[in-house]
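1. sequence and predicted model, in that order:
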Amino acid sequence: QQQVKQSPQSLIVQKGGISIINCAYENTAFDYFPWYQQFPGKGPALLIAIRPDVSEKKEGRFTISFNKSAKQFSLHIMDSQPGDSATYFCAASRIASNTGKLIFGQGTTLQVKP
Amino acid sequence: KAGVTQTPRYLIKTRGQQVTLSCSPISGHRSVSWYQQTPGQGLQFLFEYFSETQRNKGNFPGRFSGRQFSNSRSEMNVSTLELGDSALYLCASSFGGAPTNEKLFFGSGTQLSVL
């Protein structure tokens, strides 16, 4: 029940295309769903996050879509750029737990071809 | 504002040794979490400290321990190293209180290799 399943494992997109990464969770107690971006040699950096009271959140070219009934959420990167090439992790947590514990998906390596 | 600082950046140890990793959080952050990142298991939560107290612990053996000092700096210790402990160890800091506790800021990690 603590798992977060992420797909695909890797993704290749042409410059200007849309990158879509999907995640599914089991624990209905989760109420915070962030996405992290990680470049080689760096730690993950918070990209965008959503809570279950909204179905979509957009920040620039990055959009999270959230489906509470299906227990799924996804990251859409519009107009993908070579600089977006990185590993993306979805995660989930319970804010009420107040302990900084995130359950991460396995990660998606995105390559954007120029 | 300085980010999360982890030292050392790289570490090579042999089986059976012990190792101590250090993390300095962002100024004003009182919570420090530790994660282990490996290609096979991904990012896994080790433990979290807030105001020098461990608030939560992941599913790792007792060989993995940590502590936090009064200035919020944290150390993680692994005793009796095993080959499988080779990983990138990441430290993350946050303010530590809801609703901001969820925004974790990660350091670049310490790459530990056990030979």
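-> Yes, it's here. Numbers count the residues shown, from 1 in each chain, chains lettered A, B, ... in the order given.
2. going by C-alpha atoms from here, please, whenever you check contacts or count neighbours.
-> Noted.
3. secondary structure element holding the residue in chain B positioned nearest to chain A?
-> Among all residues of chain B, B:Ser108 sits closest to chain A, at 4.3 Å; criterion: Cα to the nearest Cα. B:Ser108 belongs to no helix or strand when assigned by DSSP states H and E.
4. and B:Gly66, by the same measure?
-> strand B:64-68.
5. picking up where we left off before, contacts only, for the residue of chain B closest to chain A.
-> Contacts for B:Ser108 (Cα atoms under 8 Å, 6 or more residues apart in numbering or on different chains) come out as A:41-44, B:4-6, B:9, B:90.
6. in chain A, which spans are strands?
-> Ranges of strands within chain A are A:4-7, A:10-14, A:19-25, A:33-38, A:45-50, A:56-59, A:62-67, A:72-77, A:86-92, A:103-104, A:108-113, based on DSSP state E.
7. buried deepest among the ones you listed, which one?
-> Mean neighbour count (mean count of other Cα atoms under 10 Å in any protein chain shown) peaks for strand A:86-92 among these, with a mean of 26.
8. gap between it and the chain center?
-> 5 Å (Cα atoms, centre = their mean, to the nearest Å).
9. quick one: it near chain B?
-> No - Strand A:86-92 does not reach chain B (Cα under 8 Å from any Cα of the partner chain); its nearest approach is 9.0 Å.
10. try stretch A:7-24
-> No - residues of stretch A:7-24 are not located near chain B by Cα under 8 Å from any Cα, the shortest gap being 11.7 Å.
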